[in-house]
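Chemist: Got a predicted structure here, sequence first:
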Amino acid sequence: MKIRHLVTTRFLLLDFFGDERIFDDNYKKDVTKILMNNFINTVKNQTDNNYECAIITHPQNEEYVKSLSFPIDIKVFTYDGLISDIKNSLSNYDYIIHTSSDYDDFFHKDNLKIIKQSIKDTTTFKMFGFINGVTLIDGETETHLFNPSYLGTTGFFSCCTSIIYSTKDNFTDEFPFIIHDVAKKYNGNHPNWKTIIENEYKNWGLKELDTDFFDYDKNDENVRFMWIRQPQSYTTIKLTEQHKTLHLSDEIISLDLKNDFGYGK
C-alpha cells in the first residue's frame, strides 16, 4: 500500500477567509519564531518520519517563507499549488492523507503513526482526529485539560486533524483534496465537519460513506494535542474570558511536554 502523507500548516496566508491583514516585518519575525518553536518542533518530534511537511502560504509571502532555514525538509505551496500537486500525484499512490495543524500548536509524537494505522483495506474516505487534548496559555506553565464539550460529537479540534482518501475514486471538482476545503467551500468549521461530510459527499463523487468516515483515536486516553493560546493571538482573536471558559476545563494535568510534544526543544 503506497501512502502519501502530507502534514501542513497555514502560515502568513492572507485572504483565506477574506482576511486582509497586512503582515509587516515585525509581525513576520514574531510569527516565524512561533512557527519554528511550535509546528516545526512538533513535526520533527514524530516517531513516524514517513511524511512530507509543507507550509501553505499566500503568493505574496511565498518568497519570504522559501527563504527561511528549516531543520527538516519543508515544501512551500500556495493554496492552489498544493491542490495541483496532490492531483498530479494521485496515480502514484493508493491513499492520500492530509493532516493539518495550526502553526502555533503541538501534537503527540505518535499521532502521525496512529493516523496512518487507521487506514483499512476497505477505506475510501474518512476524517480522522483526536479528542483528548490540553490547552496551554502562552506565558503560563500549567496545562488545562481541553473541554471536550466544545466540539460535541460532530467535530475535531484543528491541532491535528486529517482527511484520508483512496485515489481510486472518481472525484468531482468539488472534492476536498485538502482538509481546509471542507470549511472553505461550505462555510463550516471544525465543530461541524461530520455534518458537512454527510451533506456533501455525493457532490464530491463518493457513492457512499464508509461506516467509520468520522474516525478518531477511541482506545487511547493519552493526551494527543496541545492547543496554544496567545494572550494576543496571532492566529485568531484576542483570548477573552469567554474563550477560556469554552476551551479550558478546571482540571490541570502534568505532561512530559518536551519528550511527547517537542515543546521547548
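Modeler: That came in fine, so what should we check first? Residues are numbered from 1 along each chain as shown.

Chemist: what are the ranges of the strands in the protein?
Modeler: 3-10, 52-56, 75-77, 95-100, 106-107, 125-129, 133-137, 143-146, 161-166, 214-216, 225-229, 248-253 (DSSP state E).

Chemist: which of those strands has the lowest average pLDDT?
Modeler: Here the lowest mean pLDDT among those goes to strand 248-253, at a mean of 76.

Chemist: Give me the helices and strands touching it, please.
Modeler: Secondary-structure packing of strand 248-253 (3 or more C-beta pairs under 8 Å, 6 or more residues apart in numbering; DSSP states H and E): strand 143-146. Any C-beta I mention is one placed from the backbone N, CA and C, and that applies to glycine too.

Chemist: The strand it packs on: partners in the sheet, and parallel or antiparallel?
Modeler: Here strand 143-146 is paired, per DSSP bridges, with strand 133-137 (antiparallel), strand 248-253 (antiparallel).

Chemist: Spatially central residue in this protein, please.
Modeler: The centroid of the chain falls nearest to Ser100 when counting by C-alpha atoms, centre = their mean (2.1 Å).

Chemist: Next, the contact list for that one, please.
Modeler: 7-10, 158, 160-162, 178-180 (C-beta atoms under 8 Å, 6 or more residues apart in numbering).

Chemist: Over to Lys44?
Modeler: Lys44 is in contact with 71-72, 262, 265, counting by C-beta under 8 Å, 6+ apart.

Chemist: beta partners for the residue nearest to the centre of the chain?
Modeler: Bridge pairing for Ser100 - DSSP bridges - gives Thr8, Thr161.

Chemist: Relative to Leu13, how far out is it?
Modeler: Look at Ser100 and Leu13: by C-beta to C-beta, to the nearest Å, they are 12 Å apart.

Chemist: Looking at the contacts of Ser100, spot the one nearest Tyr95.
Modeler: Ser162 (11.0 Å; C-beta to C-beta).

Chemist: The closest one reaches Ser101, doesn't it?
Modeler: No: using C-beta atoms under 8 Å, Ser162 is not in contact with Ser101, being 9.8 Å away.

Chemist: In the stretch 1-150 of the chain, where is pLDDT below threshold?
Modeler: In the predicted model, the stretch 1-150 of the chain carries pLDDT under 70 at residues 14-22, 148, 150.

Chemist: Would you mind writing the ChimeraX command to select the buried ones in the contacts of Lys44?
Modeler: Entered in ChimeraX, the line below selects the buried ones among the contacts of Lys44, by 16 or more other C-beta atoms under 10 Å:
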select :262
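
Chemist: Check the contacts of Lys44 and tell me the two furthest apart.
Modeler: Ile72 and Lys265 (12.1 Å).
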